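Student: no FASTA, just this:
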């Protein structure tokens, strides 16, 4: 009996898992924290790669169709699509940048004028300011009688210089993302097929299904949202022009682009239109037309038009989408906010296709 138990011990040891069940959760947790830390620290490299992958997933069907239907070489169609994306980004930036910078300087004065005005509050603030100045002069006279004060000058970068530095980093990241997008469109399929050949046969179909479904879901989401946002942005610009807002095309463009950010984009657009209307217009009922008109358009599009165009609704719980917007925004800033929903679309496709992760998909699903 002792010999038999001794012979069974090596077999039992070989069946033991590499990580015990007690240590599995802490190890996986540390691994997840390490991945998040890497994504945060290396965002200048990771973000262009993710942008390139997302863009290539969206544009790859167009490149394939151009090659199959019209025999256009992949290098030519890929270059044309990348140049069109670049032209769109440059055009939108040039259209929005100048009016946005002007309003960034004017809006604080308008808001303070709106909130304070010529009311009793302004008079009370003026009295308090005058009293504070008198106290400050008295303190300065007392301090000058004792000793000469030391002046400390703090040098800080202006918001314009900080904005220019971020713009330079953004341009470098955009150039890297567009270049990588081009190479993925040209030879990305070959890379995927070479990777699939290295997998076991039973896993190859799953990887192909995940790739095709990710392309379909992202293209469907962005296509439907792009059409609806074009309608909302155009109508918002016409409403802004009708009520007499300055730069109505800019507000329509910003309102349409902001809707790519679920929930927060609508809040941002309503706030922006309200501030611009209040600063620019005199009558209260005219101030309400642009923000209320955008709100009505958003409700109409979200409840009727978008489901009717494609029957498309996100299969993810809205709470998960809302949390993901804050999470990716905290991790990567404004770009993370824009990428939150496309990333969640890809993540839900991966969770749905992998059997071990399917319970997580059922938890986050609508």
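Tutor: Thanks, I have it. Quick caveat: nothing in here was measured; it's all calculated off a predicted structure. Numbering: from 1, shown residues only.
Student: Not counting sequence-adjacent ones, nearest residue to residue 217?
Tutor: In space, and not counting its chain neighbours, residue 217 is closest to residue 345: 4.9 Å by CB to CB, 6 or more residues apart in numbering. Bear in mind the C-beta positions are built from the backbone N, C-alpha and C, glycine included.
Student: Quick check: buried residues in the helix or strand that neighbour falls within?
Tutor: Per DSSP states H and E, residue 345 falls inside helix 334-353. Using 16 or more other CB atoms under 10 Å as the test for burial, helix 334-353 gives 335-349, 351-353.
Student: can you list the residues that contact that helix?
Tutor: Helix 334-353 is contacted by residues 47, 50-51, 54, 57, 206, 209-210, 213-214, 217-218, 221-222, 260-262, 264, 314-316, 320-321, 324-325, 327-330, 332, 357-358, 360-361, 364-365 when judged by CB atoms under 8 Å, 6 or more residues apart in numbering.
Student: Whichever of the residues you listed end up buried, select them in PyMOL.
Tutor: A single PyMOL command suffices to select whichever of the contacts of helix 334-353 are buried according to 16+ other CB under 10 Å:
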select buried, resi 47+50+51+54+57+210+213+214+217+218+221+222+260+261+262+314+316+320+321+324+325+327+328+329+332+361+364
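Student: re earlier: can you give me the distance of the residue nearest to residue 217 to residue 215?
Tutor: Distance, residue 345 to residue 215, by CB to CB, to the nearest Å: 11 Å.
Student: overlap in contacts of the two?
Tutor: Joint contacts of residue 345 and residue 215 (CB under 8 Å, 6+ apart) do not exist.
Student: Look up phi and psi at residue 244.
Tutor: phi 90, psi 20 (degrees, to the nearest 10).
Student: which residue sits closest to it, ignoring its sequence neighbours?
Tutor: Excluding its sequence neighbours, the residue lying closest to residue 244 (CB to CB, 6+ apart) is residue 281, at 6.7 Å.
Student: Model confidence for the one you found, exactly?
Tutor: The model reports residue 281 with a pLDDT of 80.
Student: Pull the number of nearby residues for it.
Tutor: 17 (other CB atoms under 10 Å).
Student: Surely residue 282 is in a helix?
Tutor: No - counting by DSSP: H, G, I helix; E, B strand; the rest coil, residue 282 falls outside a helix, being coil.
Student: Show me where the stretch 151-300 of the chain has its helices.
Tutor: For the stretch 151-300 of the chain, the helices defined by DSSP state H, counting those that start in this stretch occupy 159-197, 201-243, 248-258, 264-280, 284-287, 289-300.
Student: Switch those over to TSV, and while doing so, append distance to residue 29 to every line.
Tutor: Formatted as TSV, the helices of the stretch 151-300 of the chain follow (distance: least, CB to CB, whole Å):
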stretch	distance to residue 29
helix 159-197	28
helix 201-243	25
helix 248-258	36
helix 264-280	29
helix 284-287	51
helix 289-300	40
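Student: Tell me the spacing between the residue nearest to residue 217 and residue 316.
Tutor: Taking CB to CB, one finds residue 345 at 8 Å from residue 316.
Student: Then residue 300?
Tutor: From residue 300 to residue 316 the distance is 23 Å (CB to CB).
Student: Could you do residue 54 as well?
Tutor: Look at residue 54 and residue 316: by CB to CB, they are 17 Å apart.
Student: Check residue 27 too.
Tutor: Counting by CB to CB, the gap from residue 27 to residue 316 is 28 Å.
Student: try residue 172
Tutor: 32 Å.
Student: try residue 214
Tutor: Distance, residue 214 to residue 316, by CB to CB: 14 Å.
Student: what's the answer for residue 96, then?
Tutor: As judged by CB to CB, residue 96 and residue 316 stand 30 Å apart.
Student: for residue 208, same thing?
Tutor: Using CB to CB, one gets 23 Å for the distance from residue 208 to residue 316.
Student: same check, this time on residue 238
Tutor: Relative to residue 316, and taking CB to CB, residue 238 is found at 33 Å.
Student: Nothing else from me, thank you.
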